[in-house]
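Student: Prediction below, plus the sequence it came from.
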Amino acid sequence: MDRIPSGVHAQCLLHTLDRLGRENVDVIAVSRAPSGLIRSSYDQFLMAGLWEIDRQKLFDTSEARIEDFLNAFKDLWGFELKEIDKIFPLFAERYNVSRIVEIPLAADGDHVLSRIAKEVGLKSADKLPVKNAGRSTRKILMFRDFQKEHGVATFERNLRVLKQVRFPKRELSTEEAYELGLMLPKEVNTLLDKNYMAETRIHEFP
């Protein structure tokens, strides 16, 4: 779970819950280890916004490094993004659901569709869509620098073109990405994931 649905996704979810009856629905949420959640959330935030954080405000008041993003999340929601368990009550309250089945992705790189199929007792397809490999660190840096210099509105008008930019070398080194504030240090990620258990859990709310 790397977001609380909003916009068209929220409308679809609400329509489905109302049509089926909330008492008859178990919401399935696919989660991931805290380090992956944080990295993915930050990348998505820079490209299209996430977690209802004011993107322009963050660029106006900080360098919009990953640490600044995490601080903005905590200021808005009252807890840290790494505290995954605190996300589920927010979701349950907003959509008035009483039961959420959390299906975590294992560290060995489960495909999300095969993981869900296994959990609900279905046979997974032999050929599955290619998993999202994520955006390169060089492209994420370009997105951040562009918005810092030109603003979010101009970035959104030019996003289609910016997505087509290719770099001879896709990735920055881990050290470069850390120094530039695109990711957390390896030792921090290790600590974040220390107690992560890739086991299905059921969250129930009165």
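Tutor: Thanks, I have it.
Student: Run through the helices of this protein in chain order.
Tutor: 7-20, 34-48, 55-61, 66-77, 87-95, 112-120, 137-150, 152-162, 174-179, 186-192 (DSSP state H).
Student: The fifth one - what's its average pLDDT?
Tutor: This predicted structure assigns helix 87-95 an average pLDDT of 83.
Student: please begin residue numbering at 54 from this point
Tutor: Sure, I'll start counting at 54 from here, so that last one is helix 140-148.
Student: For Phe122, which non-adjacent residue is closest in space?
Tutor: The spatial neighbour of Phe122 that comes closest, neighbours along the chain excluded (CB to CB, 6 or more residues apart in numbering), is Tyr95 at 5.1 Å. The way it works is simple: take the backbone N, C-alpha and C, and place the C-beta from them, glycine included.
Student: ah, wrong one, I meant Lys127
Tutor: Lys127's closest residue in space is Glu133 (CB to CB, 6+ apart), at 5.3 Å.
Student: Tell me the backbone dihedrals of the nearest residue to Gln97 once chain neighbours are set aside, please.
Tutor: Spatial nearest neighbour of Gln97, excluding adjacent residues (CB to CB, 6+ apart): Leu103 at 4.8 Å. Phi and psi for Leu103, reported as degrees, to the nearest 10, are phi -170, psi 150.
Student: wait, isn't Leu103 in contact with Ser94?
Tutor: Yes. Taking contacts as CB atoms under 8 Å, Leu103 lies within contact range of Ser94: 5.6 Å.
Student: what sits against Leu123?
Tutor: Contact analysis of Leu123 by CB atoms under 8 Å, 6 or more residues apart in numbering lists Ile91, Tyr95, Glu133, Leu134.
Student: Many thanks, I have nothing further to ask.
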